[in-house]
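Student: Show me the folded form of this:
(chains A and B)
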Amino acid sequence: MKRAVRLGVVAIALALGGCASTAANDPRDPFEGFNRAMFTFNDKLDQVALKPAATVYKDVTPSFVQTGVGNFFGNIGDIWSAVNHLLQGNLEYGVTGVMRVAVNTVLGFAGVLDISSEAGLTRHKADFGQTLGRWGVHSGPYVVLPLFGSSTVRDTAALPADIYGNIWTYKDPVRWRNVGAVVRLVDQRAALLDASNLVEDVALDKYQFVRDAYLQRRASQIQPLDNSGWESDEDTAPEPAAPAAVQPKPGGN
Amino acid sequence: MNILQKLMTVLIAGSVLACTAIASAAEEAPDALVKRISQEVLDTAKNDKQIQGGDQQRILQLVEEKVMPYVDFQRMTSLAAGRFWREASPEQQKQLTAEFRDLLKYTYSGALAQVRDQQVQFRPLRAGPNDTEVEVQSQVLQPRGGEPIQLNYRLEKLPGGWKIYDVNVLGAWLVQTYKGNFASEISKGGIDGLIKTLAERNKRLATGAAKGVKAAS
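Tutor: Sure thing, here's the model as predicted:
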């Protein structure tokens, strides 16, 4: 019993020592040691498996097939986005989302054709973490998840809802479900190839760059929605999403 | 009145008109400026065969000509460096600004290389007539039907006209995102260390661009 306790204390000390070795500079990232390790793991996995697969996919697969795959899984995702818009009280996006899914599923061969976008019903992604944020739940510290990448404590807690809200999760047999999940992942990675190459080139510290950009982006996604002005309608002009005529704080968001 | 008075009137009227013309040319509204640059750059990028073929040098040239004159790099660098800016000597500040300028040029060119047939929509500018700092909001519409990409600019009014000093893509401000990178490089090797890192990175990106391929890290 005593040995077990001693081993346990040593293990905890090592773990804590690992966490404390990187001076936690950023108050938004108290788990920086763990996050960096996870980020490196994801990066290696990406370099070794995902990026090569996505590159082959992008180079070899005809572009209409890639578009079709993207549309199919995008349509499935649109269902959960619509649910979340309604949960957030956003009737406009919620109803538009439902219409999107209906039109694409019925007229677009189960979502392979994205007719709705061409008809002017743009996609607006929403996830449960965003819904919680809009309801007032604070994001909590930055977390890097294995495979899923950048997240926050709140969004990690919301992830199971996103997984079960995606109807592909219920696809039987399991073999099809897994194949579909992999194809979806590869297709999404292929869409991000150019952007990720750019980040490789211009970021001095990739982990930090990705973290700071992600946290800003996430915060902007939780902001109260203001979609006026794009069709040049000056009549509906609620308060702007970000102050336009204010001394900008160098801290940005 | 006599001839001399008439001449004087014409001369004065003429010079007043000329001054107004020059003044209004320098007084291009910030959203008009951004709209104009965006349109010019996008049109060239879409129609130029070399750019569509991936010619990095051509894109860099385009960015240098059409975009760089309208960006205030000194302010961007000083904002990204934060409190370390005051600790830097004028020589270091100059070098740092020059290196960051190059890095931003490569960053923007890299983004431009991915343009195919996107369209940009602008929001009406919400600013008072006497504001010296404004935010111009736009979004990039994707042909493949993805969500529009948010693209905002912060501009300041300088004697020579409006200049951009920060850019927001998908909700993240460039200056804010580089601030962390700058701070850790400076804490590792001081301002000179940061300048050296930037210089090495720029050199690598330049060789990559000269070869016509994106530099692998």
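Student: which residue does the stretch 51-200 of chain A bring closest to chain B?
Tutor: Residue of the stretch 51-200 of chain A nearest chain B, by C-beta to the nearest C-beta: residue A:117 (3.0 Å). Bear in mind the C-beta positions are built from the backbone N, C-alpha and C, glycine included.
Student: Let's see the pLDDT reported for the residue positioned nearest the centre of chain B.
Tutor: In chain B, the residue lying closest to the centroid (C-alpha atoms, centre = their mean) is residue B:71, at 3.7 Å. pLDDT for residue B:71: 95.
Student: Helix, strand, or coil at the closest residue to it other than its chain neighbours?
Tutor: In this structure, residue B:71 finds its nearest non-sequential neighbour in residue B:164, 4.8 Å apart by C-beta to C-beta, 6 or more residues apart in numbering or on different chains. Following DSSP: H, G, I helix; E, B strand; the rest coil, residue B:164 is assigned to strand.
Student: in chain B, which spans are strands?
Tutor: Ranges of strands in chain B, per DSSP state E, are B:119-122, B:133-141, B:149-158, B:161-169, B:172-173.
Student: what would those look like in TSV with mean pLDDT, distance to residue B:205 and mean neighbour count?
Tutor: Below are the strands of chain B laid out as TSV (pLDDT from 0 to 100; distance: least, C-beta to C-beta, whole Å; neighbours: other C-beta atoms under 10 Å in any protein chain shown):
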stretch	mean pLDDT	distance to residue B:205	mean neighbour count
strand B:119-122	89	26	16
strand B:133-141	92	24	21
strand B:149-158	93	22	20
strand B:161-169	93	18	21
strand B:172-173	93	21	23
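Student: Which one of those lies nearest to residue A:145?
Tutor: Nearest to residue A:145, of all the strands of chain B, is strand B:172-173, at 19.6 Å by C-beta to C-beta.
Student: and for that closest one, what are the contacting residues?
Tutor: Residues external to strand B:172-173 that are found in contact with it (C-beta atoms under 8 Å, 6 or more residues apart in numbering or on different chains): A:212, A:213, A:214, A:216, A:217, A:220, A:252, A:253, B:154, B:166, B:167.
Student: returning to that earlier point: okay, the strands of chain B in a markdown table with distance to residue A:189 next?
Tutor: Listed next are those as a markdown table, based on distance: least, C-beta to C-beta, whole Å:
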| stretch | distance to residue A:189 |
| --- | --- |
| strand B:119-122 | 26 |
| strand B:133-141 | 21 |
| strand B:149-158 | 18 |
| strand B:161-169 | 20 |
| strand B:172-173 | 20 |
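Student: how about the ones you listed, which one is nearest residue A:203?
Tutor: strand B:172-173 (12.0 Å).
Student: The closest one pairs with which strands, parallel or anti?
Tutor: strand B:161-169 (antiparallel) (DSSP bridges).
Student: Please work out the angle formed by the directions of the partner strand and strand B:149-158.
Tutor: Interaxial angle of strand B:161-169 relative to strand B:149-158 (axes from the mean of the first three to the mean of the last three C-alpha atoms, to 10 degrees): 150 degrees.
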